[in-house]
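1. I would like the atomic coordinates for the input below:
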Amino acid sequence: MRVRTCLPAPGFTLVELLVFIVMIAVAAVGLLMSMRYAMPRSTAGATNVQAVEVAQMRMELILAQKDTDMYQYMSDPCLGGTPISTLCTNPLGFNVTVTGISSATAWTSLTSAAYKLVTVTVKDSTNTTTLASMTSLVANY
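-> Numbers count the residues shown, from 1 in each chain. All right, here's what the predicted structure looks like:
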């Protein structure tokens, strides 16, 4: 007579699967808790968005000068003369520089008097890190 031996079936038992699920859940909770404390303290994203908004605002002011004062007299309304105080105020402490308005920059083989390459650069309050830069090619037409 033959004796039948019962071999264990391949795979995992229910207890092993439950232990695995509990271990993954504990690891996920720990990871999510650490992110909960780290994310609100990270301000880099918000600072970059604000810097882009400041650069966009200044560029729009400069381009509006072309429409009102014509190409030859296009200027940065926040520099020299009487700046528009409500539009030129920078409550965030960024350093904003504008280049290319007073002197025309040559672009391709066309005459430099026909085009200006206006660049607005926004740096942090220490003036060391560039947060945003915006360039616009303005034509004399």
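2. where's the most centrally placed residue in the chain, which helix or strand?
-> Geometric centre of the chain, nearest residue: residue 48, 3.9 Å, by Cα atoms, centre = their mean. Using DSSP states H and E, residue 48 sits within helix 44-69.
3. Please report the number of neighbouring residues for residue 116.
-> Neighbour count for residue 116, taken as other Cβ atoms under 10 Å: 22. C-beta here means a position set from N, CA and C on the backbone, and glycine is covered the same way.
4. hang on, the earlier thing: go through the helix holding residue 48 and flag the buried ones.
-> 47, 50-51, 54-55, 57-59, 61-62, 65-66 (16 or more other Cβ atoms under 10 Å).
5. okay, and for this structure, where does confidence drop off?
-> Under the criterion pLDDT under 70, the flagged ranges of the chain are 1, 39-43, 71-72, 80-87, 91, 102-113, 141.
6. Now the terminal residues of stretch 117-134, how far apart.
-> End-to-end span of stretch 117-134 (Cα to Cα, to the nearest Å): 10 Å.
7. Next, the buried residues of it.
-> 117-123, 131-132, 134.
8. Output the residues you listed in TSV, with distance to residue 10 and secondary structure appended to each entry.
-> Listed next are the buried residues of stretch 117-134 as TSV, based on distance: Cβ to Cβ, whole Å; DSSP: H, G, I helix; E, B strand; the rest coil:
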residue	distance to residue 10	secondary structure
117	70	strand
118	71	strand
119	67	strand
120	67	strand
121	65	strand
122	63	strand
123	64	strand
131	58	strand
132	59	strand
134	63	strand
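9. Farthest pair within those?
-> For these, the farthest-apart pair by Cβ to Cβ is 117 and 131; their separation is 20.5 Å.
10. Run the chain-centre distance for stretch 134-141.
-> Distance, stretch centre to chain centre, for stretch 134-141: 22 Å (Cα atoms, centre = their mean, to the nearest Å).
11. Buried residues in it, which are they?
-> 134, 138.
12. Assumed residue 98 was part of a strand.
-> Yes - under DSSP: H, G, I helix; E, B strand; the rest coil, residue 98 sits within a strand.
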